[in-house]
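# Generate coordinates for the sequence data below:
(one chain, ligands or ions: 2)
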Amino acid sequence: MANIIALCNQKGGVGKTTCTLNIGAALHQLGKSVLLIDLDPQAHLTYCLGIAAHELDKTIYDVFTKGAPLSEVVIDKNGLRVIPSTLDLAGVEMELAGVPGREFLLKEFLDRHNTFDYILLDCPPSLGLLTLNALTAVREIYIPLQTEFLALKGMSKLLDTIEAVKKRLNKELAITGIIATRFDARKKLNKGIVDTITERFGKKRFKTLIRENISLAEAPGYGQTIFEYAPKSHGAEDFLALSKEIIKRR
Ligand code: ADP
Ligand code: MG
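Numbers count the residues shown, from 1 in each chain. Ligands and ions are numbered 1, 2, ... in the order given. Modelled structure (predicted):
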């Protein structure tokens, strides 16, 4: 049975995609079989892996709208498997408006393809149907939080959504990890925010802090993971440490 984890935060730019990609790559390096799913119509994860979303025949869109099987939509990137996204995904909410059970389409798909060690879902920066599909399909949510001013702002909306899903659609859902991202030890503010996050979430916060690291921002431009682009960088070091923590928590 796969550990299926949604990386979720309706705020954009907090590090969801960077975390999904590089946790996935680290877990793969540590010998785990990994499937990444890009659930964002902006297809950042897809582009970060050097896959041209606009040239693809089949994507996660076809899973939602046509029930496409894994074999038709999965791409192998140096052993890391990914289901890419496309801009068309933005229309899925409207297209599926009348479809009963539309919140469970991803869950049904993943129930049929549960053969990976880890499946990571890169959620879009909204709490619409795509995120809802992620939240019904997983037991675990990781929330990346940027260690900046207003890090926790907007969290109550996310927590309310998670509670509502838990109550009505998926009793097993839980926030199991908080990832503090873009940490800069030189900034007093950043340390303060980490303390605030720890007060709020206790042991759910992973001990590893993902530091601000230029290589993490550069790697996507080359379609590479941090381990391909800069294996000796702080970014690579942090994501490897984080992924070991993830494995250890099992
Ligand atoms: P989200 O998916 O939540 O919108 P991203 O992962 O796309 O966030 O990150 C937003 C931007 O910040 C991207 O340009 C990314 O390269 C950059 N970024 C993310 N994490 C870091 C980090 N630890 N250090 C430096 N840049 C980062
Ligand atoms: Mg993203």
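
# can you pull the pLDDT of the residue located most distally from the centre of the chain?
Residue farthest from the centre of the chain, counting by C-alpha atoms, centre = their mean, is K188 at 28.1 Å. Confidence at K188, expressed as pLDDT, is 86.

# Check A151 too.
84.

# Over to A2?
88.

# thinking it is in contact with R112, fair?
No: counting by C-beta atoms under 8 Å, A2 stays clear of R112, with 11.7 Å between them. In this view, the C-beta of every residue, glycine as well, is placed from N, C-alpha and C.

# who has more neighbours, the two?
Comparing A2 with R112 by other C-beta atoms under 10 Å, the one with more neighbours is A2, at 18 against 11.

# Residues of the chain that sit close to ligand 2?
By C-beta under 5 Å from the ion, the residues of the chain that approach ligand 2 are 16-17, 44.

# For this structure, list the residues in contact with ligand 1, please.
12-18, 44, 125, 181-182, 210, 212-213, 216-217, 220 (C-beta under 6 Å from any ligand atom).

# Throw the residues of the chain next to ligand 2 into a markdown table and include secondary structure, distance to V194 and pLDDT, thanks.
What follows is these, written out as a markdown table (DSSP: H, G, I helix; E, B strand; the rest coil; distance: C-beta to C-beta, whole Å; pLDDT from 0 to 100):
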| residue | secondary structure | distance to V194 | pLDDT |
| --- | --- | --- | --- |
| K16 | helix | 19 | 98 |
| T17 | helix | 22 | 98 |
| H44 | helix | 25 | 97 |
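
# can you put those in CSV and add neighbour count?
Shown next, in CSV, are the residues of the chain next to ligand 2 (neighbours: other C-beta atoms under 10 Å):
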residue, neighbour count
K16, 29
T17, 27
H44, 21
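
# which among those residues gets closest to I141?
K16 (11.3 Å; C-beta to C-beta).

# and the closest one, what does it touch?
By C-beta atoms under 8 Å, 6 or more residues apart in numbering, the residues touching K16 are 7-9, 122-123, 125, 144.

# Can you tell me which of these has the most neighbours?
Counting neighbours by other C-beta under 10 Å, the top entry in those is L7, with 30 neighbours.

# any idea how far A52 is from that one?
Note on L7: its distance to A52, by C-beta to C-beta, to the nearest Å, is 23 Å.

# same check, this time on A241
Separation of A241 from A52 (C-beta to C-beta) stands at 32 Å.

# Which of the two has more residues huddled nearby?
A241 (16 against 11).

# What sits closest to the more buried one if chain neighbours are left out?
In space, and not counting its chain neighbours, A241 is closest to T208: 4.4 Å by C-beta to C-beta, 6 or more residues apart in numbering.

# so which strand or helix has N190?
For N190, the host element (DSSP states H and E) is helix 188-201.

# so how far is the next helix or strand along the chain from that helix off the chain centroid?
Once the chain leaves helix 188-201, the next helix or strand it forms, by DSSP H and E, is helix 214-218. Taking C-alpha atoms, centre = their mean, to the nearest Å, the mean C-alpha location of helix 214-218 is offset from the chain mean by 18 Å.

# Now tell me what touches helix 214-218 from outside.
18, 22, 210, 226, 229-230, 233-236.

# farthest-separated two in these?
So, those by C-beta to C-beta: farthest apart are I210 and Y229, at 15.6 Å.

# between the two, who's got more neighbours?
I210 (26 against 18).

# and that one, what does it touch?
By C-beta under 8 Å, 6+ apart, I210 lies in contact with 15, 18-19, 179-183, 216, 235, 238-239, 242.

# Just the ones of those residues in helices?
In helices, judged by DSSP state H, the following of the contacts of I210 are found: 18-19, 216, 235, 238-239, 242.

# I60 touches V73, doesn't it?
Yes: contact criterion C-beta under 8 Å: I60 and V73 qualify, at 6.6 Å.

# Report the set of residues contacting both of the two.
Common neighbours of I60 and V73 (C-beta under 8 Å, 6+ apart) are 83-84.

# I'm done for today, thanks for sticking with me.
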